[in-house]
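Enquirer: Got a sequence here, can you build the structure:
(one chain, ligands or ions: 1)
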Amino acid sequence: MCGIVGYIGSENSADIVYKGLEKLEYRGYDSAGIAVIKDDKIHIRRSVGKLINLQKNIKNNPISGFIGIGHTRWATHGKPSEENAHPHTDCSGKIVVVHNGIIENYIQIKQQLQKEGHKFASETDTEVIAHLIEKYYKGDLFNAVKSALKDIRGAYALSVICSDDDSRIIVARKDAPLILGVGKDENFIASDVSALLAYVRDVIFLENDDIAEIKKDSIKIFDKNGNEAKRTVQKILWDAIQAEKCGYKHFMLKEIYEQSQTIQDTFRGRISVEDNKILLETVKISKDFLNKISRICIVACGTSYHAGLVAKFMIEELTSIPAEVNIASEFRYGTPVLNGTVLTIFISQSGETADTLAALKLAKEKGATTLAICNVIGSSISREADNVLYTHCGPEIGVASTKAFTGQLTALYLLVMDFAIKKGTVSEDKLAYLIKQMWDIPIKVTECLKQSEQILEIAKTFHMKKQFIYLARNINYPIALEGALKLKEISYIYAEGYPAGEMKHGPIALIDENMPVMVIATKSKVYEKVLSNIEEAKARGAKIIAIANINNKEIIEKSDYQIFVPEVDEMFSPLINVIPLQFFSYYVSTMRGCDVDQPRNLAKSVTVE
Ligand code: M6R
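Expert: All right, here's what the predicted structure looks like:
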């Protein structure tokens, strides 16, 4: 949560920092602010609400300077207000801090500093950092930051400037991402690469406990022992254009339409239809290991958790290895039975989700082998895990995950097929069939995307409803959960996903003519069962929207509205069936006038627990 940006060079830092914040606004949008140094003075502008308010503020009261830092906030400590917006300053107003993370012991530090005479202007945990730095400041900002960090417990990505010295920005990170963009006679700081793409391709991912001094023509990084550290400069191949809306009204819509490409990008170079092979270079899981493991334990949050639920079906069907799926925030505080015979898989688009990261650390402590499926290169989870399999979806900006989800499913199909080959649990013929199915998915997705008009019409009928039930069975049950989550998060309509066969054990009592029911009824071994569940809901007055295969005539009689999708093997059907549900939520949300890309109370990257 929260995004931070910094710039030092020969351009107007306020402009560059603002543009960077625009790219990070998905990380939080309660308030925003920028600080620059000009003529040995700090100049700060802060505004409540979306970034556009900060832009208006700066337009009315312009600021400029060759060194600046900025922040876009997702409130944790203290309501969204101008006082609580970053940057925060010390008592003298000379030292300015932006921060992403949580300082766990801020109350104790604040009380101590107040006793020592420091005056606080906000309710935030961050402000203690500015005052602590002030306390230790003896003319050298780097040393003061270093001393202050010794007193702090918690997670942070920090950028600090001081009006006494406009030649450097001091940054530090622990359990929150911070990336340095390496330019020529200018350098950049950001919470993620999307803010840097317009300026640089060479980046450095800071490690935990690093502190760095950023000047316009040099970067010096020090590790936790105070030794100067060499960190690899990595090239980012993401296209800047991927982080733009490119004519679409919202990022979410663009990202839905990108899925045919992003699925293909995720399997490109990793499967070969000609010689029936899967090649996952970064996954060092051997045949021997797979033969000896007792189970696979998947951990994730939100949409990534739903990808994990689909993976359980694939794993058990194709490899016969028992699999379980856990919500990270529960798993980390439970007593999971883990040891060297368990493979743990962590799924995270951002690679920064605090609960998933903590669960990964716990699994490592307990001796389990770890594997991460992430979209963001160099993210904390991807670096912490023993193995990483990246999805190649490019930046996902919309808070509601779409292309990252289908990218995760694609990566999981590849992984499970790889395991099945190694374990010898699929025949050559079956493998050839599965690989061909995967290969054809992008074409099927393109066909599916053409149904958008039909879905728009259905959304017009239902967009004012107050509640929804999503039903499916078996491998599509997680897609019902995902469809309901999409609707909840961007339309604020109460929606629940259920296994269709579970309805009669209680939830069917909710059904009457005011309860629309979305049912996934594509070809599968449970298709007939789903039809019976449709009858049960219909008999109680529900309006049924069915997702069914093209050419299914029967469904027209059974349901009130139909969304037709191309037929694929049941195993791959989640990749197709989720797409109409994404469109449906999108259209309902726009018709209700909701903020699709930045829904209330949410942020893209959940770096608090
Ligand atoms: O970055 P992650 O995949 O770890 O994020 C997990 C969830 O926060 C995320 O999937 C969230 O549920 C999305 N808003 C869903 O659209």
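Enquirer: drop to CA atoms for contacts and neighbour counts, all remaining ones
Expert: Will do.
Enquirer: who in the stretch 201-350 of the chain is up against the ligand?
Expert: C301, G302, T303, S304, S348, Q349, S350 (C-alpha under 6 Å from any ligand atom).
Enquirer: List just the nearest of the residues you listed to K38.
Expert: S350 (35.2 Å; C-alpha to C-alpha).
Enquirer: My read is that A537 contacts A509, right?
Expert: No: judged on C-alpha atoms under 8 Å, A537 makes no contact with A509 at a distance of 9.9 Å.
Enquirer: more neighbours, the two?
Expert: A537 (24 against 11; other C-alpha atoms under 10 Å).
Enquirer: Can you tell me the closest non-neighbouring residue to that one?
Expert: The shortest distance from A537 to any non-neighbouring residue, by C-alpha to C-alpha, 6 or more residues apart in numbering, is to I511 (6.8 Å).
Enquirer: Then Y248?
Expert: Y248 sits nearest to K254 (C-alpha to C-alpha, 6+ apart), 5.7 Å away.
Enquirer: what residues go with each domain of the protein?
Expert: 3-241, 251-448, 452-591 (automatic domain parsing).
Enquirer: Could you tell me the end-to-end distance of the last one?
Expert: Taking C-alpha to C-alpha, to the nearest Å, domain 452-591 runs 15 Å from one end to the other.
Enquirer: Pull the distance from it to the chain's centre.
Expert: 25 Å (C-alpha atoms, centre = their mean, to the nearest Å).
Enquirer: thought L456 was touching F584?
Expert: Yes: the criterion here is C-alpha under 8 Å, and L456 meets it with F584 at 6.9 Å.
Enquirer: neighbour count winner among the two?
Expert: F584 (24 against 19).
Enquirer: helix/strand/coil for that one?
Expert: What DSSP: H, G, I helix; E, B strand; the rest coil gives for F584 is helix.
Enquirer: what sits against the residue nearest the centre of the chain?
Expert: Ranked by distance to the mean C-alpha position of the chain (C-alpha atoms, centre = their mean), the top residue is S350 at 3.7 Å. Applying C-alpha atoms under 8 Å, 6 or more residues apart in numbering to S350 gives the contacts C374, N375, V376, S379, K604, S605.
Enquirer: at 7 Å instead, please
Expert: C374, N375, V376, S605 (C-alpha atoms under 7 Å, 6 or more residues apart in numbering).
Enquirer: what does F66 give?
Expert: I8, G9, S10, E11, N12, S13.
Enquirer: element containing A480, please.
Expert: Using DSSP states H and E, A480 maps to helix 477-491.
Enquirer: L132 contacts A148, correct?
Expert: Yes: shown here, L132 and A148 form a contact pair, counting by C-alpha atoms under 7 Å, at 5.4 Å.
Enquirer: ok so, going back, now, among the residues of the stretch 201-350 of the chain next to the ligand, which is nearest to I263?
Expert: Looking across these and measuring by C-alpha to C-alpha, the closest to I263 is Q349, at 14.1 Å.
Enquirer: Is the closest one in contact with N375, as I believe?
Expert: Yes: contact criterion C-alpha under 7 Å: Q349 and N375 qualify, at 4.8 Å.
Enquirer: More neighbours: which of these two?
Expert: Q349 (30 against 26).
Enquirer: what separates that one from I327, distance-wise?
Expert: With C-alpha to C-alpha as the criterion, Q349 and I327 are 15 Å apart.
Enquirer: How about S147?
Expert: From S147 over to I327 (counting by C-alpha to C-alpha), the distance is 37 Å.
Enquirer: Likewise for I63?
Expert: 45 Å.
Enquirer: about what we covered before: now a ChimeraX select for only the buried ones of the contacts of F66.
Expert: Selection of buried members from the contacts of F66 for ChimeraX, criterion 16 or more other C-alpha atoms under 10 Å:
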select :8,9,12,13
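Enquirer: What mean pLDDT does stretch 569-587 get?
Expert: For stretch 569-587, mean pLDDT rounds to 98.
Enquirer: Now look at it and say if it contacts the ligand.
Expert: No: Stretch 569-587 does not reach the ligand (C-alpha under 6 Å from any ligand atom); its nearest approach is 9.8 Å.
Enquirer: Give the buried residues for that stretch.
Expert: Those would be 570-587, for stretch 569-587 by 16+ other C-alpha under 10 Å.
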